[in-house]
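Asker: When you get a sec, could you give me coordinates for this:
(one chain, ligands or ions: 1)
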Amino acid sequence: MEFDFFLFLDILVTAVVVYSFFTFIKGTRAIQLLKGILVLFVISLISKHFGFQIFNFLLERIQTAVLIAIPVIFQPELRRALEQIGRGKMLKELSGTRKFKAKIDELVKATMKLSADKTGALIVLKRTTGLDEIVDTGIELDAKLSSELLATIFFPKSPLHDGAVILDHGRIEAANCLLPLTQRNISDYRLGTRHRAAIGITEESDAVAVIVSEETGRISLAFDGKMQHGLDEFKLKEELFDKFENLEQS
Ligand SMILES: Nc1ncnc2c1ncn2[C@@H]1O[C@H](COP(=O)(O)OP(=O)(O)OP(=O)(O)O)[C@@H](O)[C@H]1O
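Answerer: Okay, here's the model as predicted:
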């Protein structure tokens with residue numbers, strides 16, 4: 001079979017446009033609408049299959065009404081999208097998403113390594129609440145996030161391994177930081193100060209804390225004063241995406 005360059009280009013362009021479209025509408029109101037349209041479409045297929053004439057008539061009228069309503073309801077979003085296409089911002093958003101994914105991958109890679117080696121670690125990821133007071137308790141680094149650097153910091157013989165590392169949007173702001181311990185009565189008596197400090201900081205801020213237990217290598221994640229234990233690579237990535245995706249792209 002002959003290689004059709006234009007067909008290849010056609011598929012590539014379509015894939016990029018569809019991907020950009022979904023990246024753009026992810027986390028917006030439009031995604032709910034898209035789900036609604038999909039449900040309507042499936043119902044309409046079923047209805048046509050069984051030949052429900054009156055119901056089909058009703059569905060067709062609803063579809064027409066939805067088509068007219070979309071530009072009215074989503075006028076602000078459509079305007080924003082067109083403006084962004086004009087400024088080439090959609091492409092920028094795409095590269096922003098790629099960078100953000102790379103940062104999460106780097107952190108997860110480091111966490112998995114620390115967990116396999118049973119190296120205790122406490123990593124705080126800043127969201128919107130400022131953590132300057134916490135950073136002041138430690139050693140300021142302001143370094144690019146890399147799994148190797150994180151592993152070096154938490155290496156037991158490293159002078160920086162005690163305390164928490166603070167991450168600020170892909171930069172290692174500081175290490176050796178002291179966090180506030182939770183004042184709550186934690187029912188699980190096995191949770192020591194590392195885990196209590198992680199709960200403490202997430203009670204006082206909207207940060208996320210990732211903990212690797214020195215004793216068991218177990219990975220935990222604290223957010224909003226609550227803790228999830230025993231996360232694997234997939235779950236950890238999923239949770240971090242969930243907590244940062246919209247923040248990073250706004
Ligand atoms: N307030 C704090 N802020 C930051 N880090 C802390 C704080 N308190 C303790 N840590 C860290 O936790 C370590 C002690 O962990 P500890 O064994 O008490 O906790 P743990 O929750 O049982 O964790 P692990 O399962 O790793 O043993 C300390 O060496 C220090 O690095």
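Asker: So what's the predicted local confidence for residue 116?
Answerer: Confidence at residue 116, expressed as pLDDT, is 95.
Asker: Next up, the contacts around it.
Answerer: residue 217 (CB atoms under 8 Å, 6 or more residues apart in numbering). Quick note: C-beta positions are derived from backbone N, CA and C, even for glycine.
Asker: From residue 109, how far off is it?
Answerer: 11 Å (CB to CB, to the nearest Å).
Asker: Can you name the residues that contact residue 228?
Answerer: Residue 228 makes contacts with 220-222, 239, as judged by CB under 8 Å, 6+ apart.
Asker: Report the beta-bridge partners for it.
Answerer: residue 221 (DSSP bridges).
Asker: who in this protein is up against the ligand?
Answerer: By the rule CB under 6 Å from any ligand atom, the part of the chain lying against the ligand is 120, 122, 162-164, 178-179, 181, 191-195, 197, 213-215.
Asker: still on that earlier bit, which one among the contacts of residue 228 gets closest to the ligand?
Answerer: residue 220 (9.0 Å; CB to the nearest ligand atom).
Asker: I'd like to know how many residues surround that closest one.
Answerer: For residue 220, the count of nearby residues is 21 (other CB atoms under 10 Å).
Asker: Was I right to think it contacts residue 199?
Answerer: No: using CB atoms under 8 Å, residue 220 is not in contact with residue 199, being 9.7 Å away.
Asker: who touches both of the two?
Answerer: residue 227.
Asker: how near is the residue of the chain at minimum distance from the ligand to residue 231?
Answerer: Nearest residue of the chain to the ligand: residue 192, at 2.3 Å (CB to the nearest ligand atom). Computed as CB to CB, the residue 192 to residue 231 distance reads 18 Å.
Asker: can you check residue 215 too?
Answerer: Applying CB to CB to residue 215 and residue 231 gives a distance of 16 Å.
Asker: These two: which has the busier surroundings?
Answerer: The residue with more neighbours, out of residue 215 and residue 231 and counting by other CB under 10 Å, is residue 231; that gives 21 against 10.
Asker: looking at this, residue 23 is in a helix?
Answerer: Yes: judged by DSSP: H, G, I helix; E, B strand; the rest coil, residue 23 forms part of a helix.
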